[in-house]
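J.: okay, here's the prediction I keep looking at, along with the sequence it came from:
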Amino acid sequence: MAFLKQFYKNALPLTHVQHQDGTQLLEISDLAVRYDGTTALESVSFSLDAGQRLAVVGPNGAGKSTLFKVIAGVLPPSRGEVRIYGYQPGGHICIAYLTQRSLVDWNFPVSVADVVMMGRIGKLGLFRWPKREDWEFVRHALDSVGLADLAGRQINELSGGQQQRMFIARALAQEAELMLMDEPFTGLDVKSQQDILQIIDMLRQQGVTILASTHDLNLAGDHFDRVLLLNHCMVGFGDPQQVFTTERLIQAYGGHLRLVESDSNMFALSDTCCDEEGLHEHPA
Amino acid sequence: MNTLLNLILEPLNYAFMVRGILAALMVGAVCALVGTYVVLRGMAFFGDALAHAILPGIAAGYLIGGGAREPLFWGALLAAVISSIGIGAVSKMTNLRQDTAIGIVFAGMFALGIAMISTVRNYTVDLAHFLFGDVLGVSNSDLALIAILGGLILLAVVLFYKEFLVLSFDPLLATTLRLPDRVLEYLLLILIALVIVVSLQTVGVALMVAMLVTPAATAYLLTRRLPFMMVLAAAIACFSGAVGLYLSYYMRVSSGAAIVLTCTAFFILAWGGRAIRKARLEKLSAT
């Protein structure tokens, strides 16, 4: 037993790092990622303070998921650096990656509470079973996203919005300080999107930093502190007003975008907007 | 009632039947437990391939050991480990899809095994044993080996329950929780290999995948929570093992085939039962 525990500890890529004082929550400098000869990301540099909300916007295949995976420490950068509180992401357990809902097996035989409990496993350690405090944590997390009544449900009984809220609850159970949400709004109706946005506001008050990828420019502009416009390269980063210019949007989307300007709003009509499932549920 | 009791007790007069039933029970339980992950992760083809790919290992053990059990076992385990790594290496280094890589390694290894066994003169008899199992030929030392390895497999499944759960449901979560995902992934492959080697004598290489997949799939139809699925799958597999052996005894059919057919019958029952229940529920909600 002691041997196995030692083995398990040594097998970890890094022991969990402490946060360094006086460092920024997220700092990315000159990041590039290449897989088998193709460039997924190139010259991305930006930084975020704790509690900021960033929308990552760009066409399909622009490298949004790749960026999130590098920040989560799942993919190694080919060049440049990602630092979270001064350290490489691979040692942190305070980063939550919320998988795209379309990539999840919703028939997996687990309940909502089971999934949220998965967030506690990093803190539990090997050969330990969840204790009363852990279930208490799970209950609290479900409560704060309004899913307390559905704790015992099988996950395929949830609506899209509830699925997304369950993953946020799991990130809360993980005690994540940085949440990476991959397409959290895709395929949701307006009401469910509003619910998620409200929860994001609540998380911000708790000092949680949020990165969300989205195709919806209006949503990104209205509800996020910063936007990052991405098409393999970083096209723009900063305040939504400054980043979403006609010129930059065309640079990011190329010929696949038609901009329609009305009195107060700008609409972006794009034929690369959503993945195929998204298109069915979410006609643009 | 008495006649039924007699039907059950009579075969137990034979020591080989008792040993066979004990082996079928133990093997059924561990196969179904590990098979739960095989079903949930969509690894049925991998399991089938691995079962076939151990044949050259068995053949080598057979040729070296001259029929002793130990070398067969170690040969099978070694071949299983080499095949798992080989499948990963082929798909990674050639950009071929994993199922293609599995097909290549599986057929190549299986052919190598057949070629090796065919060098022995009376190979048809021996080959049949490996392909279709010989649960009634289980010896006391085989039983002990099955019990020890089965116990180890059970221990690993219980100890690493939550890690395997996370890894199977959301591998990215396993990485961001900084679990040793590579180690766990290999551990699971080794567990599948061990299960296959342990069950070899019960159903043989050709029908192995049924023991891994069918009871777990039956349980999947009937439950919605992983722990229940595991327990139910193990119960179905044990029961099928015993029933199959009795059927084999009374109807004089091959024991491995009888066990697998019983598993299949339970699957069809569960499927039908679920369809009927669904239709009833729909009728209820319609009125």
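T.: Thanks, I have it.
J.: so which strand or helix has the residue in the stretch 101-250 of chain A positioned nearest to chain B?
T.: Taking C-beta to the nearest C-beta as the measure, the stretch 101-250 of chain A has A:Gly122 as its residue closest to chain B, at 3.4 Å. For every residue, glycine as well, the C-beta is placed using N, CA and C. Per DSSP states H and E, A:Gly122 falls inside helix A:121-124.
J.: send over that helix as PDB, restricted to the C-alpha atoms.
T.: The C-alpha atoms that make up helix A:121-124 are tabulated as PDB, following Å, rounded to 0.1, in the frame of the first residue of the first chain:
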ATOM      1  CA  ILE A 121     -11.100  13.700  -6.700                       C
ATOM      2  CA  GLY A 122      -8.000  15.700  -7.200                       C
ATOM      3  CA  LYS A 123      -8.200  16.900  -3.600                       C
ATOM      4  CA  LEU A 124      -9.200  13.400  -2.200                       C
END
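J.: which residues belonging to that helix are considered buried?
T.: Neighbour-count burial for helix A:121-124, counted by 16 or more other C-beta atoms under 10 Å in any protein chain shown, picks out A:Ile121, A:Gly122, A:Leu124.
J.: who are the contact partners of the residue nearest to the second one when sequence neighbours are not counted?
T.: What that stands for is A:Gly122. The shortest distance from A:Gly122 to any non-neighbouring residue, by C-beta to C-beta, 6 or more residues apart in numbering or on different chains, is to B:Leu177 (3.4 Å). Counting by C-beta atoms under 8 Å, 6 or more residues apart in numbering or on different chains, B:Leu177 makes contact with A:Ile93, A:Gly119, A:Ile121, A:Gly122, A:Gln174, B:Val166.
J.: test my guess that the last one contacts B:Leu173.
T.: Put plainly, it is B:Val166. Yes - between B:Val166 and B:Leu173 there is a contact at 5.6 Å, judged by C-beta atoms under 8 Å.
J.: give me the neighbour count for the nearest residue to A:Met202 once chain neighbours are set aside.
T.: Closest residue to A:Met202 apart from its sequence neighbours, by C-beta to C-beta, 6+ apart: A:Ser144 at 7.1 Å. The burial count assigned to A:Ser144 is 17, neighbours taken as other C-beta atoms under 10 Å in any protein chain shown.
J.: with B:Arg224 instead?
T.: 17.
J.: and if you look at the one 10 residues further on?
T.: Residues near B:Ala234, counting by other C-beta under 10 Å, number 23.
J.: who's in contact with stretch A:224-232?
T.: Outside stretch A:224-232, the residues within contact range by C-beta under 8 Å, 6+ apart are A:39-42, A:44, A:46, A:48, A:52-59, A:62-64, A:67, A:212, A:220-221, A:234-240, A:243-244, A:248-249, A:251-254.
J.: so how far is the longest helix belonging to chain B from its chain's centroid?
T.: When chain B is parsed with DSSP state H, its longest helix is helix B:181-222. The chain centre lies 4 Å from the centre of helix B:181-222; the measure is C-alpha atoms, centre = their mean, to the nearest Å.
J.: close to chain A, is that helix?
T.: Yes - counting by C-beta under 8 Å from any C-beta of the partner chain, chain A is contacted by helix B:181-222 at B:Arg182, B:Val183, B:Tyr220.
J.: of these, which is the nearest to chain A?
T.: Of the residues of helix B:181-222 next to chain A, the one sitting nearest to chain A (C-beta to the nearest C-beta) turns out to be B:Val183, at 4.6 Å.
J.: can you list phi and psi of A:Met166 for me?
T.: Per-residue torsions, A:Met166: phi -60, psi -40 (degrees, to the nearest 10).
J.: just A:Leu31 next, same as before
T.: Note on A:Leu31: backbone dihedrals following degrees, to the nearest 10 are phi -80, psi 140.
J.: which other residues reach the helix or strand hosting A:Val33?
T.: In this structure, A:Val33 sits in strand A:26-35 according to DSSP H and E. Strand A:26-35 is touched from outside by A:39-48, A:63, A:66-67, A:70-71, A:75, A:77-84, A:178, A:209, with contacts defined as C-beta under 8 Å, 6+ apart.
J.: what subset of these is buried?
T.: A:40-42, A:44, A:46, A:48, A:63, A:66-67, A:70-71, A:75, A:77, A:80, A:82-84, A:178, A:209.
J.: quick one on the thing from earlier: now the residues of helix B:181-222 next to chain A as TSV including distance to B:Asn140?
T.: Output for these, formatted as TSV (distance: C-beta to C-beta, whole Å):
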residue	distance to B:Asn140
B:Arg182	39
B:Val183	35
B:Tyr220	35
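J.: and the residues you listed, which are buried?
T.: Members of the residues of helix B:181-222 next to chain A classed as buried by 16+ other C-beta under 10 Å are B:Tyr220.
J.: save the residues of helix B:181-222 next to chain A as TSV, and put in distance to B:Leu232 and pLDDT too.
T.: Listed next are these as TSV, based on distance: C-beta to C-beta, whole Å; pLDDT from 0 to 100:
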residue	distance to B:Leu232	pLDDT
B:Arg182	31	85
B:Val183	29	89
B:Tyr220	9	96
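J.: return the member of the residues of helix B:181-222 next to chain A nearest to B:Pro11.
T.: Sorting those by how near they are to B:Pro11, with C-beta to C-beta, puts B:Tyr220 at the top with 31.9 Å.
J.: isn't that closest one right up against A:Pro109?
T.: Yes - contact status for B:Tyr220 versus A:Pro109: in contact at 6.7 Å, counting by C-beta under 8 Å.
J.: name the residues contacting each of those two.
T.: With C-beta under 8 Å, 6+ apart, B:Tyr220 and A:Pro109 have common neighbours B:Leu40, B:Met229.
J.: show me what contacts B:Thr264?
T.: B:Ala210, B:Thr214.
J.: secondary structure class for it?
T.: Following DSSP: H, G, I helix; E, B strand; the rest coil, the label given to B:Thr264 is helix.
J.: please report the distance of it from chain A.
T.: Shown here: B:Thr264 relative to chain A, a distance of 21 Å by C-beta to the nearest C-beta, to the nearest Å.
J.: and the pLDDT for the closest residue to B:Glu70 other than its chain neighbours?
T.: Of all residues not flanking B:Glu70 in the chain, B:Gly61 sits nearest, at 7.9 Å (C-beta to C-beta, 6+ apart). On the pLDDT scale, B:Gly61 is placed at 87.
J.: I'd say B:Gly61 and B:Pro71 touch.
T.: Yes - counting by C-beta under 8 Å, B:Gly61 touches B:Pro71, with 3.7 Å between them.
J.: so which of these two has more stuff around it?
T.: B:Gly61 (24 against 18).
J.: which residues touch the helix or strand where that one lies?
T.: Here B:Gly61, judged by DSSP H and E, is contained in helix B:55-65. The contact list for helix B:55-65, computed with C-beta under 8 Å, 6+ apart, reads B:70-80, B:109-110, B:112-114, B:116-117, B:119-120, B:126, B:130, B:200, B:205.
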